[in-house]
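S.K.: 3D model of this:
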Amino acid sequence: MSDLPGAGDPPDVGSLPGAGDLPAVVAALARELPEVHVRAWARILREHPEPHPAVRGLLTEARTGAVMGARAARLVAAWSAADPPPPGSAVALALETASRMYAEESRRRTDVVVSGPHSDEVPVRLTGSVIVEVIRASRTSLLLVSFAAFGIAEVVRELDRAARRGVHVDLILEDTVEDGGALRGGSAATAPFEALRPLVTFWAWAGRAKVGGSVPALHAKVVAADENVALLGSANLTDRALAHNLEVGVVLRDPEVVRRLVGHFRALMRPGDGPLRPVV
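M.R.: Numbering: from 1, shown residues only. As a prediction, the model looks like this:
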């Protein structure tokens, strides 16, 4: 009789979800377990080349938690059911690899952001706070695109701080009707940013031809930092849109996707022939 914990308590393979599918169980545990748990379990698995039932107890005791025993049982059961069972070192490597891939995927996760009323069904972020976070995350470049802008003192302060720490800031804003754009009434979209004029670059859509008697609008709303993270949504850079209107958006954290998004605007900003022109 082994004196290892759990030696006399083998898992009931038939009662465990996914007990016969070791890859699926490893993938699920990689999503469920914190990284520190994965490291602790990997050390134990490397010390035990075979799926001895006692390993279940060792895994359970390695990190406390209300459901650790059930998770340990799932792993040992699936490991035992594999044909043939791989060595513990291979299971450890698979768990560590899956955990790292899930962590990388999480860093690229797309989040939902909202303004105005929000439901209790889905956890979401508030548009205003996310914009501030994206601006603060910038290290080299910031791209902001909006149709309208007013009443956003906090955003202006964060842009000022970003510019003063060396971030290159481009603001692409809609022109008023008087200046050839589609923005009607109120002040120009550039008005809230006038104090930043020496520090940032303003851009406008120049040379637009009317379509059906009206001017096409610069209607995109984007805040992108360093081609790594971007907020893309319906909210203009206005106090009402960031806090009170019913607006939705997504935070993109996949650098490849953000790079394509920012690259589209950079291509439109080509010197000489781009439709987006710097505003002096």
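S.K.: the stretch 51-200 of the chain: strands as residue ranges?
M.R.: In the stretch 51-200 of the chain, the segments counted as strands under DSSP state E, counting those that start in this stretch are 111-115, 125-126, 141-146, 149-150, 168-173.
S.K.: how far does the last one sit from its chain's centre?
M.R.: Right, the one you point to is strand 168-173. Relative to its chain's centre, strand 168-173 lies at 22 Å (C-alpha atoms, centre = their mean, to the nearest Å).
S.K.: so what touches that strand?
M.R.: 140-147, 149, 159, 162-163, 188-190, 193, 196, 199-205, 218, 220, 265, 269, 276 (C-beta atoms under 8 Å, 6 or more residues apart in numbering). Every C-beta, even on glycine, is put in place using the N, C-alpha and C of the backbone.
S.K.: lowest average pLDDT across the strands of the stretch 51-200 of the chain?
M.R.: By mean pLDDT, the lowest-scoring of these turns out to be strand 125-126, with a mean of 81.
S.K.: which helices and strands does that strand pack with?
M.R.: Using 3 or more C-beta pairs under 8 Å, 6 or more residues apart in numbering; DSSP states H and E as the contact criterion, the secondary-structure elements in contact with strand 125-126 are strand 111-115.
S.K.: list the buried ones in the strand it packs on?
M.R.: 113-115 (16 or more other C-beta atoms under 10 Å).
S.K.: any chance of these in CSV with distance to Gly128 as columns?
M.R.: Shown next, in CSV, are the buried residues of strand 111-115 (distance: C-beta to C-beta, whole Å):
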residue, distance to Gly128
Val113, 9
Val114, 11
Ser115, 7
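S.K.: what's the closest of these to Val130?
M.R.: Relative to Val130, the closest of the buried residues of strand 111-115 is Val113; by C-beta to C-beta it sits at 4.8 Å.
S.K.: partner residues bridging the closest one?
M.R.: In this structure, Val113 has beta-bridge partners Arg125, Gly249, where bridges are defined by DSSP bridges.
S.K.: and it, how far from His264?
M.R.: Val113 sits at a distance of 21 Å from His264 (criterion: C-beta to C-beta, to the nearest Å).
S.K.: with His37 instead?
M.R.: When C-beta to C-beta is applied, the distance between His37 and His264 equals 41 Å.
S.K.: the two: which is more packed in?
M.R.: For His37 and His264, the more surrounded residue by other C-beta atoms under 10 Å is His37, and the numbers stand at 20 against 12.
S.K.: isn't there a helix covering that one?
M.R.: Yes - with DSSP: H, G, I helix; E, B strand; the rest coil as the criterion, His37 is located in a helix.
S.K.: what's the pLDDT at it?
M.R.: In the predicted model, His37 carries a pLDDT score of 88.
S.K.: contacts only, for the residue lying closest to Gly181 once chain neighbours are set aside.
M.R.: Leaving aside its sequence neighbours, Gly181 sits nearest to Asp175 (C-beta to C-beta, 6 or more residues apart in numbering; 2.7 Å). Asp175 makes contact with 181-183, 188-189, 204-205, 218 under the criterion C-beta under 8 Å, 6+ apart.
S.K.: need phi/psi at Asp175.
M.R.: Reported as degrees, to the nearest 10, the phi and psi values for Asp175 are phi -80, psi 160.
S.K.: try Pro278
M.R.: The main-chain torsion angles of Pro278 are listed as degrees, to the nearest 10 and equal phi -70, psi 140.
S.K.: look up the residues forming beta bridges with it.
M.R.: The bridge-partner assignment for Pro278, based on DSSP bridges, gives Trp203.
S.K.: just the C-alpha atoms of stretch 182-202, please, in CSV.
M.R.: Taking C-alpha atoms only, stretch 182-202 is exported to CSV below (Å, rounded to 0.1, in the frame of the first residue of the first chain):
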residue,chain,number,x,y,z
ALA,A,182,-20.2,67.2,-43.0
LEU,A,183,-20.2,68.5,-39.4
ARG,A,184,-23.2,70.9,-38.9
GLY,A,185,-23.9,73.2,-36.0
GLY,A,186,-21.8,73.9,-32.9
SER,A,187,-18.1,74.3,-32.9
ALA,A,188,-15.4,72.6,-35.1
ALA,A,189,-14.2,69.2,-34.0
THR,A,190,-10.8,70.6,-33.5
ALA,A,191,-11.9,73.2,-30.9
PRO,A,192,-11.3,71.1,-27.7
PHE,A,193,-7.8,70.4,-28.9
GLU,A,194,-6.6,73.9,-29.7
ALA,A,195,-4.3,74.0,-26.7
LEU,A,196,-2.5,70.9,-28.1
ARG,A,197,-1.9,72.4,-31.5
PRO,A,198,1.9,72.8,-31.1
LEU,A,199,2.1,69.2,-29.8
VAL,A,200,-0.1,67.2,-32.2
THR,A,201,-0.9,66.9,-35.9
PHE,A,202,-4.4,67.6,-37.2
